[in-house]
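Enquirer: build me a model:
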Amino acid sequence: MAKRSFLIPGVDKRLLIKDSIKTMPDVTRRRFIAGSASLGALTLLTGCDVVDSSSAEEMLKSVSKFNDAVQAFIFNPDALAPTFPESAITKPFPFNAYYDLDDAPDVSAADWKLEVRGLVDNKKSWTLDELHKLPQVTQITRHICVEGWSAIGSWTGTPLRDFLKLIGADTRAKYVWFQCADKDGYNSPLDMRSALHPQTQMTFKYANEILPRAYGFPVKIRVPTKLGFKNPKYVVSMEVTNDYKGGYWEDQGYNSFSGS
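Expert: Residues are numbered from 1 along each chain as shown. Here you go, the predicted structure:
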């Protein structure tokens, strides 16, 4: 049987999709962009564009896991996200969240400790002073939001793979799962191959200054090979696990991999 085509001859399918997106409610539109971004909107990780889909909600349900599997399969752990000179840094770097800055977590450095759980040899909790004593590197990379904007910033911290080695993490595990101080219990899973990527970073500073509240103090996980919502801020714990525990946006239909 011949494959049935639903495309209308002479109609630009990308323009048709973009026009359809404009008619969606805000939440549906954001979810559609998130879902389609996983295969097509990552041209800024290499890039950001919309690819075809006939029904946003149904597509997300059926394609989300498929997209994750395909992206994980083609993910190259040695391929680096683009880096930039200081002259390219976006000023000011925008605050981005699903709440206003006044509602962002206000974490006390004196009381904060990073909890470490799961498949690791050393489950000690880490103070911020202890983390700041670890070897650190700086990267100038692009943050790419699922909504289509991007900004370049300077991030300094410890490569996550070095910290995982330090705590004796079982890197054969499938995920590193992060929990954050956000009032809604923000959490996010990171596949282990991405966690071990050389540019994935436990970020402690922005522009060579202690990470400000707006950008995730005390610790942000910077993953320049993934979309912005896969860069958790205000991190309070990490767990190395084989169990997929979901995430704040992932549970709302966003693709878990969401990277290049």
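Enquirer: ok, residues contacting stretch 181-190?
Expert: Residues outside stretch 181-190 that contact it (C-beta atoms under 8 Å, 6 or more residues apart in numbering) are 99, 103, 105, 107, 175-180, 200, 221, 223, 229-230, 232, 234-236, 244-250, 256. Every C-beta, even on glycine, is put in place using the N, C-alpha and C of the backbone.
Enquirer: regarding the protein, what is its longest strand?
Expert: Longest strand in the chain by number of residues, with DSSP state E as the criterion: strand 150-159.
Enquirer: can you list the strands that that one pairs with?
Expert: Using DSSP bridges, the strands paired with strand 150-159 are strand 137-144 (antiparallel), strand 201-206 (antiparallel).
Enquirer: how many neighbours does residue 122 have?
Expert: Using other C-beta atoms under 10 Å, residue 122 is surrounded by 10 other residues.
Enquirer: for it, which non-adjacent residue is closest in space?
Expert: Distances taken as C-beta to C-beta, 6 or more residues apart in numbering put residue 167 closest to residue 122, at 4.7 Å, once the chain neighbours are dropped.
Enquirer: could I get the contacting residues of that neighbour?
Expert: If you count contacts by C-beta under 8 Å, 6+ apart, residue 167 has them with 116, 120-124.
Enquirer: buried ones only from these, please, as a PyMOL command.
Expert: To isolate the buried members of the contacts of residue 167 in PyMOL, using 16 or more other C-beta atoms under 10 Å:
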select buried, resi 116+120
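Enquirer: want to throw the contacts of residue 167 into CSV with secondary structure?
Expert: As requested, the contacts of residue 167 are exported to CSV (DSSP: H, G, I helix; E, B strand; the rest coil):
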residue, secondary structure
116, strand
120, strand
121, coil
122, coil
123, coil
124, coil
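Enquirer: reformat the contacts of residue 167 as TSV; add distance to residue 81.
Expert: Below are those laid out as TSV (distance: C-beta to C-beta, whole Å):
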residue	distance to residue 81
116	26
120	27
121	30
122	30
123	31
124	31
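Enquirer: dump the contacts of residue 167 to TSV, plus distance to residue 207 and pLDDT.
Expert: What follows is the contacts of residue 167, written out as TSV (distance: C-beta to C-beta, whole Å; pLDDT from 0 to 100):
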residue	distance to residue 207	pLDDT
116	28	98
120	31	98
121	35	98
122	32	97
123	33	97
124	30	97
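Enquirer: name the helix or strand of this structure that has the lowest mean pLDDT.
Expert: Between all helices and strands in the chain, the lowest mean by mean pLDDT, DSSP states H and E belongs to strand 47, at a mean of 36.
Enquirer: setting aside sequence neighbours, what's the nearest residue to residue 163?
Expert: Closest to residue 163 by C-beta to C-beta, 6+ apart is residue 202, at 5.8 Å.
Enquirer: which residues does that neighbour bridge with?
Expert: residue 158, residue 221.
Enquirer: could I get the phi/psi values of residue 214?
Expert: Dihedral pair for residue 214: phi -60, psi -30, per degrees, to the nearest 10.
Enquirer: I'd say residue 151 and residue 90 touch.
Expert: Yes - using C-beta atoms under 8 Å as the test, residue 151 is close enough to residue 90 to be in contact (3.9 Å).
Enquirer: rewinding a little: most tightly packed of the strands paired with strand 150-159?
Expert: Comparing those by mean neighbour count (mean count of other C-beta atoms under 10 Å), strand 201-206 ranks first with a mean of 23.
Enquirer: that older thread, pLDDT at the residue nearest to residue 163, what is it?
Expert: Note for residue 202: predicted pLDDT of 98.
Enquirer: likewise for the one 10 residues further on?
Expert: At residue 212, the pLDDT value in this model is 97.
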